[in-house]
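[1] Please find the sequence and the predicted model below.
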Amino acid sequence: MKTYLRALLGSLFVASTLASAQSSSPDALVKSTVDEVLAVMRQNKDPKTLVSAAEQKVLPHFDFARMTQLAVGRNWKEASAEQRKSLEEGFRTLLVNTYSQAISNGVTPADKVDVKPAQGSGDDVTVKTTVHRSGKPSVPVDYRLAKKGDGWKVYDVVVENVSLVQTYRGSFSDEIARSGIDGLIKVLEQKNGVKSS
C-alpha cells in the first residue's frame, strides 16, 4: 500500500494544471503539463513548497465531491447535506495529508511520463500514462476525468490497476457498517488530527 500511495501521490503533480488549457483534449492537457510539473518538482526540494504548490495547482483540478461520493458508495444517499460536506472535507484533507507525508518521505519526480490518447467518449474519459523513474519499474497511472463546465476534472486516479476511489470505498464501507456515517466522519477527523465537537 505504501508503494501504491507513493506512486499515486508522486504522480498527482502530473495532473497539476489539467484544466488550465480548457479547450484542449484531456490527453493534450496531461501531455502539455508533464514537462512543466516535472520541472517544478526537480527545482523545489523543500516539502513545504511542494505541498503548497500541490494545494494551489493540483487540488483545484480534482472533483472532490464526486470522488467522495464514489468512495462512500451507496451510503452517500443516506448522508445528510451536512454529513456530505463533512465527508468531502475529511476526504480532501486526508488526501492532502497523505500527499504531504509522501513528499516529506522523499517522493522523487519521474524522469519521463508517456501519455497515451484519451479513451472514452463524450464527457467521461481515461488518460493512460506510464511513469518512468531511474532504477525503478515503470508505473502505469490512469487518470479518469469528466467534463465539468468548460474544463476537465479528475475524479479518480488508478495506479497499477488499483483505483484510489475503490481503495477507500472498501475501508469506508467497513467503517460505515461498524459505526454509521457519523462514525466514518469521526475516523476521518481523527486521521486528520481534527478534534471532534
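    Yep, it's here. In this text the structure is predicted, and so the values were computed from the model without any measurement. Residues are numbered from 1 along each chain as shown.

[2] use CA for all of it now, contacts and neighbours both
    Will do.

[3] Do a quick rundown of the strands in the protein.
    Using DSSP state E, the strands of the chain run over 112-115, 119-121, 124-132, 139-148, 151-159, 162-163.

[4] tally of neighbours for Asp111?
    Number of residues near Asp111 (other C-alpha atoms under 10 Å) recorded here: 12.

[5] Enumerate every residue touching Gly90.
    Neighbour list for Gly90: 185, 188-189, 192 [criterion: C-alpha atoms under 8 Å, 6 or more residues apart in numbering].

[6] run the last query once more with 10 Å
    68, 84, 96, 184-192, 194 (C-alpha atoms under 10 Å, 6 or more residues apart in numbering).

[7] any idea how far it is from Val162?
    For Gly90, the distance to Val162 (C-alpha to C-alpha, to the nearest Å) stands at 22 Å.

[8] show me where pLDDT drops low in the protein?
    1-23, 29-30, 32-40, 53-54, 56-58, 100, 102-109, 195-197 (pLDDT under 70).

[9] now the lengthiest helix in it, how far from the chain's geometric center?
    Counting residues, the longest helix in the chain under DSSP state H turns out to be helix 164-191. From the chain centre to the centre of helix 164-191 is a distance of 17 Å (C-alpha atoms, centre = their mean, to the nearest Å).

[10] so Ala146 makes contact with Val125?
    Yes: applying C-alpha atoms under 10 Å as the test, Ala146 and Val125 come out as touching, 6.5 Å apart.

[11] anything in contact with each of the two?
    Common neighbours of Ala146 and Val125, using C-alpha under 10 Å, 6+ apart, are 26, 152, 154.

[12] Tell me the bridge partners for the second one.
    Put plainly, it is Trp152. Taking DSSP bridges, one obtains Lys147 as the residues bridged to Trp152.

[13] cool, and the one 5 residues further on?
    According to DSSP bridges, Tyr143 are recorded as the beta-bridge partners of Val157.

[14] how close does it sit to Gly149?
    Distance from Val157 to Gly149, by C-alpha to C-alpha: 20 Å.
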